[in-house]
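Visitor: Here you go, sequence then predicted model.
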Amino acid sequence: EAEVAQSPRYKITEKSQAVAFWCDPISGHATLYWYRQILGQGPELLVQFQDESVVDDSQLPKDRFSAERLKGVDSTLKIQPAELGDSAMYLCASSFSGASTDTQYFGPGTRLTVL
Amino acid sequence: AQRVTQPEKLLSVFKGAPVELKCNYSYSGSPELFWYVQYSRQRLQLLLRHISRESIKGFTADLNKGETSFHLKKPFAQEEDSAMYYCAVGGYNKLIFGAGTRLAVHP
């Protein structure tokens, strides 16, 4: 069964360093999502792609976070520079069309620790 | 403001007892409602959605538009139901999640 892949699974970095996360959605899924999940909270959407275009990045801290999905397939989320408050689980999800009724399929996540 | 509230962080029951995980939402318009579940060491996955009106693993959820609630219920809890449960509201092509409720089913 096809799954969303993410790497790395764990990342420890020092503040002010740059980090990058990678996501490979389920083949054929047009919509890709990046979420941040702080301990004790639910996932919060950071950015949503429809194919290679950003359709929602209203919650993305654009002074330090960037995301791209150049060919409309896999995606990279970058943080530069990392801050202590960025420690969280970063989840990637994909769905077939991005409609509100679509099931979102989640990856295993990348747990980021900023020291 | 669009918001999903799950008032209980932890719900602890014994096997065979009924379970109700509460979810209240605040949303303008007509949202889609979902329950997602995360079992230990597994990824977050869809449990059920309102639009399908289905029962999955014995769980059901009823949408009460007057109370803006979408509580998840199961008449007889099983140990394998122990997991983290998230209520989510979908609209404008995005999901808003609640903070989650951990269900612990004891033997």
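Guide: Received the coordinates, thanks.
Visitor: Now the phi/psi pair for A:Leu84, please.
Guide: Backbone geometry at A:Leu84, expressed as degrees, to the nearest 10, gives phi -60, psi -40.
Visitor: Around the closest residue to it other than its chain neighbours, how many other residues sit close by?
Guide: Excluding the flanking residues, the one nearest A:Leu84 by C-beta to C-beta, 6 or more residues apart in numbering or on different chains is A:Val114, at 5.3 Å. In short, each C-beta sits where N, CA and C put it, glycine included. A:Val114 has 20 neighbouring residues, counting by other C-beta atoms under 10 Å in any protein chain shown.
Visitor: Same question for A:His29.
Guide: Neighbour tally, A:His29, other C-beta under 10 Å: 19.
Visitor: ditto for B:Pro18
Guide: Neighbour count of B:Pro18, defined by other C-beta under 10 Å: 10.
Visitor: That one and A:Gln104, how far apart?
Guide: Relative to A:Gln104, B:Pro18 is positioned 29 Å away (C-beta to C-beta, to the nearest Å).
Visitor: With A:Leu91 instead?
Guide: Taking C-beta to C-beta, one finds A:Leu91 at 10 Å from A:Gln104.
Visitor: same check, this time on B:Val13
Guide: Using C-beta to C-beta, B:Val13 is found at 28 Å from A:Gln104.
Visitor: Same question for stretch A:41-56: list its buried residues.
Guide: Buried residues in stretch A:41-56, defined by neighbour count with 16 or more other C-beta atoms under 10 Å in any protein chain shown: A:42-43, A:45-50, A:56.
Visitor: Can you tell me which of these is nearest chain B?
Guide: In terms of C-beta to the nearest C-beta, no member of the buried residues of stretch A:41-56 lies closer to chain B than A:Gly42, at 3.2 Å.
Visitor: Now that closest one. Nearest residue, chain neighbours left out?
Guide: Leaving aside its sequence neighbours, A:Gly42 sits nearest to B:Phe97 (C-beta to C-beta, 6+ apart; 3.2 Å).
Visitor: Kindly state the beta-bridge partners for that neighbour.
Guide: B:Ala88 (DSSP bridges).
Visitor: Can you tell me the centre-most residue of chain A?
Guide: A:Trp34 (2.8 Å; C-alpha atoms, centre = their mean).
Visitor: quick check, it in a helix?
Guide: No - A:Trp34: not assigned to a helix; according to DSSP: H, G, I helix; E, B strand; the rest coil it is strand.
Visitor: For B:His71, grab the count of nearby residues.
Guide: By other C-beta under 10 Å, the residues close to B:His71 number 18.
Visitor: Now that it has come up, it's in contact with B:Ala61, right?
Guide: Yes - assessed by C-beta atoms under 8 Å, B:His71 is found in contact with B:Ala61 at 6.5 Å.
Visitor: related to what we said a few turns ago, ok, the residue nearest to the centre of chain A - contacts?
Guide: By C-beta atoms under 8 Å, 6 or more residues apart in numbering or on different chains, the contact list for A:Trp34 reads A:23, A:45-48, A:67, A:75, A:77, A:90-92.
Visitor: rerun that using 7 Å as the cut-off
Guide: A:46-47, A:67, A:77, A:90, A:92 (C-beta atoms under 7 Å, 6 or more residues apart in numbering or on different chains).
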